[in-house]
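Visitor: what's the 3D shape of this:
(one chain, ligands or ions: 1)
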Amino acid sequence: MFSYRHAFHAGNHADVLKHFIQVQLHKYMNQKDTAYTYIDTHAGAGVYALDSAQAVRSGEYIDGIGRLWGRDDLPPALAEYVDLVGKLNPSGKLRWYPGSPWVADAEARLEDRLRLFEMHPADIRVLAENVRKLEAHHAEQGERARGRRILVEHADGFHGLKALLPPPSRRALVLIDPPYEVKLDYKHVRDALDEALKRFPAGMYAVWYPVLQRMESRQFADRLKRLPAKEWLHVTLSVAGPRADGNGLHSSGMFILNPPYTLEATLRETMPYLVQVLGQDSGATFRIEKGTQVTGTVPALGGPRKPVGNARRASPLSGGGSLRLPGQPFGDDPRPRKEGEGAEGRPRTPRTEAKPAPRGPAKRSGSGRS
Ligand SMILES: C[S@@+](CC[C@H](N)C(=O)[O-])C[C@H]1O[C@@H](n2cnc3c(N)ncnc32)[C@H](O)[C@@H]1O
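Guide: Model prediction:
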């Protein structure tokens, strides 16, 4: 059951997508003074050594954060994310990679609350130790929160989420990032969100998932679109086309319920760059979709009033709940491309090697390096 270890995958293209978006979600939450609760249902180990046996063996980070590291032409959202990674690597050598709890700690304010769940018996120990060091570091800096700012629980994050909603401040950012090793994870995510939206409809919920050939993955986003959230935003990043043997993870997605209204523009600005720099072949592409729930009732026209319920207002083009934005590539859309369409998401230049560049001084040197 516990064969998945994120240490093999830390900093890969899927982490880049997830964590640069996570940074943006925190920045949006930080715009209001009221404190919020960050809930990480599947927290992992917190921080990862990129020279560990696992990371070296897979080498996945080299084609993820490795390709962004040291670049001086990053779009703003990626610059913010790479800066955050840079704070863990003050020497300028890419050695440590922040997991989602680390991203949350760096972005959330002292008054915000972090609630982290992890089930793996080894990773929970590493996470707890990393958080202990992080809190000691905050205390050294004179940064003292009222009450426990970070709580780590060795528990099932799907159940933990339920118990924490609604949060005391009525503001929450939730990241759901299971391993999807078992098909049931797809169902568990959907069910957990369904329940979470009942308990706390105003929460912001972000789900990472692998885009795979298996049916559960292909149908996943459409299932999430039917959840009773007011709005959703869905982005996928493919760094390569599917391989004939079906092996390898080349595509992943982030599905955000109740997203910041600013996020779509940020994604449109950022994703072409990611495709260009992380793209490995001509199958590299991105896709952005969004949708809105229409609530209320349809005025009766000579008949009984009909509830609209979960009907979606999304695309005037598709009418099916998903909007292909102007200038966006077709991605896995099988329709033939017209002249001039779909070029935006393709790699425009061959792979560029990242140049190491000196990083700024560390604000948190020494923290969490176990
Ligand atoms: C993809 S990793 C998380 C990575 C982390 N969110 C990040 O971005 O740095 C998924 C983690 O979920 C853990 N896990 C699996 N099932 C779980 C469950 N039901 N509740 C909590 N954690 C679980 C795994 O042990 C693994 O560490």
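Visitor: which phi and psi does Arg171 have?
Guide: Backbone torsions of Arg171, given as degrees, to the nearest 10, read phi -140, psi 130.
Visitor: Now do the helix or strand Ala79 falls within: everything it contacts.
Guide: Using DSSP states H and E, the element containing Ala79 is helix 76-87. Applying CB atoms under 8 Å, 6 or more residues apart in numbering, the contact partners of helix 76-87 are 16, 19-20, 23-24, 27, 65, 68-69, 71, 74, 94, 96-98, 103, 106-107, 266, 269-270, 273-274, 359-360, 362-364. Using the backbone N, CA and C atoms, a C-beta is placed for each residue, glycine as well.
Visitor: Now do the buried residues in it.
Guide: Neighbour-count burial for helix 76-87, counted by 16 or more other CB atoms under 10 Å, picks out Ala77, Leu78, Ala79, Glu80, Tyr81, Val82, Leu84, Val85, Gly86, Lys87.
Visitor: ok, the fifth one to Lys32 distance?
Guide: For Tyr81, the distance to Lys32 equals 22 Å [CB to CB, to the nearest Å].
Visitor: The second one now?
Guide: Summarising the geometry, the distance separating Leu78 from Lys32, computed by CB to CB, is 25 Å.
Visitor: In stretch 157-164, which residues are buried?
Guide: Within stretch 157-164, the residues scored as buried using 16+ other CB under 10 Å are Gly157, Phe158, Gly160, Leu161, Lys162, Leu164.
Visitor: cool, and stretch 256-264?
Guide: Neighbour-count burial for stretch 256-264 [16+ other CB under 10 Å]: Ile256, Leu257, Asn258, Pro259, Pro260, Leu263, Glu264.
Visitor: which helices and strands does whichever strand or helix holds Ala122 pack with?
Guide: Using DSSP H and E, Ala122 sits in helix 121-140. On a contact count with 3 or more CB pairs under 8 Å, 6 or more residues apart in numbering; DSSP states H and E, helix 121-140 meets helix 100-107, strand 150-153.
Visitor: Let's see that helix as PDB, backbone CA atoms only.
Guide: What follows is helix 121-140, C-alpha atoms only, in PDB (Å, rounded to 0.1, in the frame of the first residue of the first chain):
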ATOM      1  CA  PRO A 121       5.200   5.600   8.300                       C
ATOM      2  CA  ALA A 122       8.600   6.800   7.100                       C
ATOM      3  CA  ASP A 123       7.600  10.000   5.400                       C
ATOM      4  CA  ILE A 124       5.400  11.100   8.400                       C
ATOM      5  CA  ARG A 125       8.600  10.900  10.600                       C
ATOM      6  CA  VAL A 126      10.600  12.900   8.200                       C
ATOM      7  CA  LEU A 127       7.800  15.400   7.800                       C
ATOM      8  CA  ALA A 128       7.400  15.800  11.600                       C
ATOM      9  CA  GLU A 129      11.100  16.300  12.000                       C
ATOM     10  CA  ASN A 130      11.300  18.800   9.200                       C
ATOM     11  CA  VAL A 131       8.400  20.800  10.700                       C
ATOM     12  CA  ARG A 132      10.000  20.700  14.100                       C
ATOM     13  CA  LYS A 133      13.200  22.200  12.600                       C
ATOM     14  CA  LEU A 134      11.200  24.700  10.700                       C
ATOM     15  CA  GLU A 135       9.300  25.900  13.800                       C
ATOM     16  CA  ALA A 136      12.600  26.100  15.800                       C
ATOM     17  CA  HIS A 137      14.000  28.300  13.000                       C
ATOM     18  CA  HIS A 138      10.900  30.500  13.100                       C
ATOM     19  CA  ALA A 139      11.300  30.800  16.900                       C
ATOM     20  CA  GLU A 140      15.000  31.800  16.400                       C
END
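Visitor: Could you check how far it is from the centre of its chain?
Guide: 22 Å (CA atoms, centre = their mean, to the nearest Å).
Visitor: pLDDT score assigned to the residue in the stretch 51-200 of the chain that the ligand sits nearest to?
Guide: Proximity of the stretch 51-200 of the chain to the ligand (CB to the nearest ligand atom) peaks at Gly99, 2.7 Å away. We have a pLDDT of 98 for Gly99.
Visitor: Is it correct that it is in contact with Gly46?
Guide: Yes - Gly99 is within contact range of Gly46, at 5.1 Å (criterion: CB atoms under 8 Å).
Visitor: Look at these two and report which has more neighbours.
Guide: It is Gly46, of Gly99 and Gly46, that has more neighbours when counted by other CB atoms under 10 Å, with 30 against 27.
Visitor: Spit out the contact partners of the more buried one.
Guide: Pro98, Gly99, Pro101, Trp102, Leu116, Val126, Leu127, Asn130, Val131, Leu134, Gly368.
Visitor: so who does Arg144 touch?
Guide: Leu110, His138 are the contacts of Arg144 under CB under 8 Å, 6+ apart.
Visitor: Sticking with Arg268, tell me its helix or strand.
Guide: Applying DSSP H and E, one finds Arg268 within helix 263-278.
Visitor: and that helix, what does it pack onto?
Guide: Right, helix 263-278 is packed against helix 13-29, helix 65-68, helix 76-87, strand 231-238, strand 285-293 by 3+ CB pairs under 8 Å, 6+ apart.
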